[in-house]
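**Q** Using only what follows, build the 3D model:
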Amino acid sequence: MEIRTRPNAVKVAVATTAMLMFISFWRAAAIVLNDLGSSAFYAGAIAEQAIGKAAPWFILAVMLFSYAVFSVYVESCSMFVRGGVYRVVKEAMGSTLAKFSVSALMFDYILTGPISGVSAGQYLVGFLNDLFRLTHINIALPINSTSAFVAVLVTLYFWWENVKGIPESSEKALRIMYVTTAMVIIMIVWCCYTIAVHGAHLPPLPSLRNLQYSPEALGWLRHSRLPYTVGLIGILIGLGHSVLAMSGQETMAQVYREIEHPKLRNLEKAGFIVFIYSLLFTAGVSFFALMIIPDDVRPQFFGNLISGLAMNVVGPYRLKLVFQAFVVIVGVLMLAGAVNTAIVGSNGVLNRVSEDGILPDWFRQPHAKFGTSYRLLNLVVGLQLLTIVLSRGDIFVLGEAYAFGVMWSFSMKALSVLVLRYKQPGKREFRVPLNLKIGDLEIPLGLSLITIALFSLCIINMFTKQVATLSGIAFTIVFFAIFEISEKYTRKQGATHSELDQFNLEFGEEVTPQSLDCRPGNILIPVSNYHSLYHLDEILNRVNRDRKDVVVLHVRVLQRAGSGEHDLEPDQLFSTNEQFLFTRVLALSEKRGEPVHLTVVSANSVWDGILRAAQSLQSARIVLGRSEKFSCSEEAREIGLAWERLPEPRPQFDLEIFMPGGQREYFILGPHSPHLTPNEVKLIHEMWLRFSDRLAPKEIHHHDVVHFALNEVVKEMTEGKEDEVLARLRQHIEKKKNDPSQPSL
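**A** Predicted coordinates for the structure are as follows:
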């Protein structure tokens, strides 16, 4: 934490966290597409090498199935804002299976970055070598080692982007998708034109006789006749070697925490964009490659399949070469973006694990400047760099191992959501479709079929993917052991409140719009009890984030012993109580997808602290929850008296007091025009008529009547008749209370 003033002058703490910024569904889709869409650059080639020319049909089937898997993630997010694999599996089946699921998922994330980075290197190196040959430069870059070097550079670049925070990296992802979209449109149009000119045949249908397994594709089943005689086994093997095109769903669950309001609707929009885009791109590339690139030429482009498409479409050679250069640039950008996606997703997963006390709080300590969990990022990127070095840039080794983690995490997630249908029944904002009702019993048919399909693919992959199974099980066991040891160590150290969010703190003498990075005219919401945040919830549901910032304030009341010469020490101003309170505030902020600004101030009284903070922040509105000690009018009176104690010039504030049921009372602090009832307006008008008739031709206005009456009251009070005036006023108030409709004549 950064101390900006003397310890004995600390009066204000500003709390910040990287999770207080929210992104649009377009940016969320861009982050996921950099993972899911990037597989178009290598998935088709890896699948064809494993199962032959029928591979595009399996890629298409996997892309269609990916939308069913996405629906599972939408349902989990409707239950938990932080609805990744760990949280959902833990809620459904306990901590042990949750740690196993996360261990398998981390294997996926650790491999996603390297395979994408290496593939980017393959595209770049292949193009450079072609360019060197065309220009007669006697240089031939080693493909694998140079690709590994490129992957290392890309990984380090996005590591730094994520240290700076997700808004930075999501902007980069969105820009990458702009360029990629242009390339995809050109590619589809040009390939369709080529097919129209030269003609083409669709890939062979996915029947047993059309499956041509490579020795590595069958694994431990290479000596069995089952893949050649049982159609279902053959189909599962084909799908199993194509599932690497279906990554990215878990990243969507992690990014869901950052999606702006309305969260679930924006998640569905992002998911649909991802589905359509990846379906056209990933499946399209696989089909076009089989239909356009000659069979004897295509293996040369297995490392850079879209470059092969660019060089085999109809058109002048120079124009095709320019398009190939564009493809390479886009490929490098998008595959590099997938490295970013892997870092974002793995950081989110490990944050969930750390919050539950599995990893020490030390890992989640925020960066002093950017507020991000940089230590977790360092851990993830370190493992990815190690994977790149060990693989030596061999994309096929990485591709075979890749599917283990993603499939097991998908399966455990689907099974957990299915279990929660019965363990936590009730209304959901979203449910996976195909639910049969028999009386009071619900049969989640769609969810059950998805779960069965996922586990079937997991089982077939265990028998056919030797590298993936051995390396995946070894990695999962090691990571699981690390989680177990770390959890025991954390508990042995007596760590508590592991579920609390970590905040980056700055201390100072006063709070200002600049120190909170908020705009004048903001809404100030004081909070004190984490059980009573209904007033904050109401405002987050109604606020227009483009026009108003929301500032959440906690007032730390100084005791008499602490209100003398020295103020609070930093650790007294922001203690575990404030951390717990702001963790709950942050959870509400994430659920609504609306950002808030957090601050703690010290004051001799709650009301003085609130009003002085509102004055310093140039707030326009103060929103309170109903007090347990005072009625709304008494609460408004207390804060009104605190307003009178403010130094000049005293600004006017709107004051809203919310009830737990959503009702609210509205007041104005400071001089303002009174709200006159129809009876009071009628009385003023009748007095004006009398006076104007008697004083004619003198001109008199309604405000003259009010001004004259008030002056007469002041005159009576200054002449020693204050008790008499108060008695009459008291009688008037009682009369109005008993009969509000009675005219005040």
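**Q** Where do the helices of the stretch 451-600 of the chain begin and end?
**A** Assigned by DSSP state H, counting those that start in this stretch, the helices in the stretch 451-600 of the chain fall at 466-492, 513-516, 534-542, 570-573, 576-592.
**Q** Nearest to residue 273 among those would be which one?
**A** Closest approach to residue 273 among the helices of the stretch 451-600 of the chain is made by helix 576-592 (21.7 Å; Cβ to Cβ). All C-beta spots, glycine's among them, are computed from the backbone N, C-alpha and C.
**Q** now the closest one against helix 534-542, angle please.
**A** Interaxial angle, helix 576-592 versus helix 534-542 (axes from the mean of the first three to the mean of the last three Cα atoms, to 10 degrees): 30 degrees.
**Q** for the record, mean pLDDT for helix 576-592?
**A** What helix 576-592 shows for mean pLDDT is 84.
**Q** For that helix, what is the distance to the chain centroid?
**A** Between the centre of helix 576-592 and the centre of its chain there are 16 Å (Cα atoms, centre = their mean, to the nearest Å).
**Q** then that helix to CSV, C-alphas only?
**A** Extracted in CSV, the C-alpha atoms of helix 576-592 (Å, rounded to 0.1, in the frame of the first residue of the first chain):
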residue,chain,number,x,y,z
THR,A,576,-10.8,-6.5,8.6
ASN,A,577,-14.2,-5.0,9.3
GLU,A,578,-13.9,-2.6,6.4
GLN,A,579,-12.4,-5.3,4.2
PHE,A,580,-15.4,-7.6,4.9
LEU,A,581,-17.9,-4.8,4.3
PHE,A,582,-16.3,-3.7,1.0
THR,A,583,-16.1,-7.4,-0.1
ARG,A,584,-19.9,-7.6,0.2
VAL,A,585,-20.2,-4.2,-1.7
LEU,A,586,-18.0,-5.5,-4.4
ALA,A,587,-20.1,-8.7,-4.7
LEU,A,588,-23.2,-6.5,-5.3
SER,A,589,-21.3,-4.4,-7.8
GLU,A,590,-20.2,-7.5,-9.8
LYS,A,591,-23.7,-9.0,-9.7
ARG,A,592,-25.2,-5.8,-11.1
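**Q** List the buried residues of the helix or strand containing residue 60.
**A** Secondary structure from DSSP states H and E places residue 60 in helix 55-79. By neighbour count with 16 or more other Cβ atoms under 10 Å, helix 55-79 contains the buried residues 55-63, 65-79.
**Q** Spatially, what comes nearest to the residue nearest the centre of the chain if we skip its sequence neighbours?
**A** With distances taken as Cα atoms, centre = their mean, the residue of the chain nearest its centroid is residue 258 (2.0 Å). Spatially, and ignoring its direct neighbours in sequence, residue 258 is nearest to residue 23 (5.2 Å; Cβ to Cβ, 6 or more residues apart in numbering).
**Q** Give me the distance between the one you found and residue 146.
**A** 34 Å (Cβ to Cβ, to the nearest Å).
**Q** neighbour count winner among these two?
**A** Comparing residue 23 with residue 146 by neighbour count (other Cβ atoms under 10 Å), the higher total belongs to residue 23, at 24 against 17.
**Q** Surely the more buried one and residue 256 touch.
**A** No: Residue 23 is beyond contact range of residue 256, at 10.5 Å (criterion: Cβ atoms under 8 Å).
**Q** Mind exporting the C-alpha coordinates of stretch 607-627 to CSV?
**A** What follows is stretch 607-627, C-alpha atoms only, in CSV (Å, rounded to 0.1, in the frame of the first residue of the first chain):
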residue,chain,number,x,y,z
TRP,A,607,-23.5,12.4,10.1
ASP,A,608,-20.6,14.9,10.0
GLY,A,609,-18.5,12.3,8.2
ILE,A,610,-21.1,11.8,5.6
LEU,A,611,-21.8,15.5,4.9
ARG,A,612,-18.2,16.5,4.9
ALA,A,613,-17.4,13.7,2.4
ALA,A,614,-20.3,14.7,0.2
GLN,A,615,-19.1,18.3,0.3
SER,A,616,-15.5,17.4,-0.6
LEU,A,617,-16.7,14.9,-3.4
GLN,A,618,-19.1,17.5,-4.8
SER,A,619,-21.9,14.9,-4.6
ALA,A,620,-25.4,15.7,-5.8
ARG,A,621,-27.3,13.0,-3.9
ILE,A,622,-26.9,11.1,-0.7
VAL,A,623,-28.6,7.7,-0.3
LEU,A,624,-29.2,6.2,3.1
GLY,A,625,-30.7,3.0,4.4
ARG,A,626,-33.4,3.2,7.1
SER,A,627,-31.9,3.7,10.5
